[in-house]
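# this one's sequence-less:
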């Protein structure tokens, strides 16, 4: 077991945790774990292999065996995500894959299958871990635990803007509905529900810029 420090950044979809976590990792020169990408990869693998999203045993078996790699040419850029030697970076960021990921993430055996794979990212000089249960389940001994949140409406607006920039036309009201349903599913699952760790610092990003959030979190790190 390594003693490399860990900072966890948990929160619901659209709270900004992915962007902020990557910026923190780059700023500190630490490793970065996008745990949500792992669940999206497992969901995509299930969809590609016509595995039912409630087939817990089969999905857990695949989760243990799939070949996953994060390839980055530039540490400032989002890494390319490889599944079985195929670049699936764009595929796992679709709304359909995100919803499927939320469903497979509710399966206890799938979460158990991915637990050690996530913990293996804890390496020197340190780790920024982005997810939904990083501070509560995966890295309960983390030196600093952060929980980012924002209103469902604001998170839907952010996602709508991202999709529009990619040329994807989607209804804002449908996004609000999808996000609310995902929040309910993530927060009510029996295994590792989405919730702040008891000692987590909660930061509401609804009306905060990325720079403001970064300043806030860096001040917590240096305190």
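Here it is on my side, so go on. Computed from a predicted structure; not experimentally measured.
# Could I get the buried residue list for the one helix or strand residue 215 maps to?
Assigned by DSSP states H and E, residue 215 belongs to helix 210-222. Neighbour-count burial for helix 210-222 flags 213-214, 217 (criterion: 16 or more other Cβ atoms under 10 Å). Where C-beta positions appear, they are placed from N, C-alpha and C, glycine not excepted.
# Now for the protein, the helix or strand with the poorest mean pLDDT.
strand 68-71 (a mean of 86; mean pLDDT, DSSP states H and E).
# Can you get me a residue count around residue 80?
Close neighbours of residue 80, defined as other Cβ atoms under 10 Å, add up to 14.
# Kindly apply the preceding question to residue 169 instead.
Neighbours of residue 169 under the rule other Cβ under 10 Å: 7.
# Is it in a helix, a strand, or coil?
Secondary structure state of residue 169, per DSSP: H, G, I helix; E, B strand; the rest coil, is coil.
# Kindly list the main-chain dihedrals of it?
Dihedral pair for residue 169: phi -90, psi 120, per degrees, to the nearest 10.
# Look through this protein and tell me its longest helix.
Longest helix in the chain, counting residues (DSSP state H): helix 172-188.
# still on that earlier bit, quick check: which helices or strands does the helix holding residue 215 pack against?
helix 17-28, strand 144-149, strand 201-204 (3 or more Cβ pairs under 8 Å, 6 or more residues apart in numbering; DSSP states H and E).
# Not counting its own residues, what contacts the first one?
Spelled out, that is helix 17-28. By Cβ atoms under 8 Å, 6 or more residues apart in numbering, the residues outside helix 17-28 that reach it are 7, 9-11, 30-32, 34, 36, 75-76, 78, 125-131, 148, 210, 213-214, 217-218, 221.
# Take the residues you listed and keep only those in strands.
Mapping the contacts of helix 17-28 onto strands (DSSP state E) picks out 7, 9-10, 31-32, 34, 127-131, 148.
# sorry, back to before: just the buried residues out of the contacts of helix 17-28, in ChimeraX syntax.
Here is the ChimeraX command that selects the buried residues among the contacts of helix 17-28 (16+ other Cβ under 10 Å):
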select :7,9,10,11,30,31,32,34,36,78,126,127,128,129,130,131,148,213,214,217
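# what's the closest non-adjacent residue to the residue nearest the centre of the chain?
Centroid-nearest residue in the chain, with Cα atoms, centre = their mean: residue 36, separated by 3.0 Å. Once flanking residues are discounted, residue 36 sits nearest to residue 131: 6.0 Å by Cβ to Cβ, 6 or more residues apart in numbering.
# Look up the residues forming beta bridges with that neighbour.
residue 10 (DSSP bridges).
# Just the pLDDT at it, thanks.
pLDDT for residue 131: 94.
# so who does it touch?
Residues near residue 131 by Cβ under 8 Å, 6+ apart: 8-10, 17, 33-36, 118, 138.
# Next, give me the two most distant ones among those residues.
17 and 118 (15.0 Å; Cβ to Cβ).
# where in the protein is pLDDT low?
1, 73-77 (pLDDT under 70).
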